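J.: Give me the fold of what follows.
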Amino acid sequence: MKLHDLRPNPGAKKKRKRVGRGISAGQGKTAGRGTKGQNARSGGGKGIYFEGGQLPLARRLPYKRGFTNIRKIYYKPVNLSRLAEIDFGDVAVTPEVLAAIGLIKKPTDPVVILGDGDIDVALTVKAHRFSATARQKIEAAGGKVEVLSLT
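T.: Next comes the predicted model:
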């Protein structure tokens with residue numbers, strides 16, 4: 001095979017339709033534009049800026065400023081009151097354990113422990129973040145706090 005033998009696949013190249021070239025061509029007279037009106041004229045039709053009288057996008061954009069931070073970390077909150085309801089025994093409270101008992105959906109989700117409620121059991125709690133009151137209450141009950149890394 002040589003360069004002059006190369007051909008596009010059959011049907012890959014289509015000839016463009018030449019409109020307005022006589023009645024026998026099938027697209028003569030009005031050339032597919034219909035009869036009369038703005039769009040039938042040369043240079044007819046509305047500009048790309050026109051949106052049917054609606055305020056065009058370019059003029060609406062200043063009101064739509066702001067952005068969504070793609071690096072924001074969405075923590076799954078777990079309150080101390082929920083931890084106090086469950087008997088963990090001597091097992092450390094980790095995201096895997098929380099997912100197993102249904103307090104969070106996935107064990108890979110970052111978890112934050114919040115200080116709502118009281119705890120009177122000494123627990124070892126491993127999470128990605130702790131509120132100051134949660135940390136205080138866990139340590140006051142004789143438990144330990146371990147901060148997990150997000151990676």
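J.: wait, doesn't residue 128 sit right on residue 107?
T.: No. Using CB atoms under 8 Å, residue 128 is not in contact with residue 107; the gap is 11.8 Å. (Glycine included, C-beta is placed from N, CA and C.)
J.: For those two, work out which one has more neighbours and name it.
T.: When neighbours are counted by other CB atoms under 10 Å, residue 128 comes out ahead of the other of residue 128 and residue 107, with 17 against 13.
J.: Now do the more buried one, the pLDDT please.
T.: Looking at residue 128, its pLDDT is 97.
J.: list the contacts for it?
T.: Shown here is residue 128, whose contacts under the criterion CB atoms under 8 Å, 6 or more residues apart in numbering are 75, 95, 110-112, 147-150.
J.: Now, these that are in strands?
T.: Judged by DSSP state E, the subset of these located in strands is 111-112, 147.
J.: Most neighbours out of those residues, which is it?
T.: When neighbours are taken as other CB under 10 Å, the top entry among the ones in strands among the contacts of residue 128 is residue 111 (23 neighbours).
J.: Bridged to it, which residues?
T.: Beta-bridge pairing of residue 111 under DSSP bridges involves residue 76.
J.: Quick check, it in contact with residue 98.
T.: Yes. Between residue 111 and residue 98 there is a contact under CB under 8 Å: 6.4 Å.
J.: For residue 67, give me phi and psi.
T.: Taking degrees, to the nearest 10, you get phi -160, psi 170 for the backbone angles of residue 67.
J.: residues near it, how many?
T.: Counted with other CB under 10 Å, the burial measure for residue 67 works out to 5 neighbours.
J.: ranges for the strands of this protein?
T.: Per DSSP E, the chain carries strands over the ranges 76-79, 111-114, 124-127, 129-130, 144-147.
J.: now those in CSV, with distance to residue 40?
T.: Formatted as CSV, the strands of the chain follow (distance: least, CB to CB, whole Å):
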stretch, distance to residue 40
strand 76-79, 60
strand 111-114, 64
strand 124-127, 69
strand 129-130, 65
strand 144-147, 71
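J.: do you know which of those strands lies nearest residue 63?
T.: Proximity to residue 63, assessed across the strands of the chain by CB to CB, is greatest for strand 76-79 (32.6 Å).
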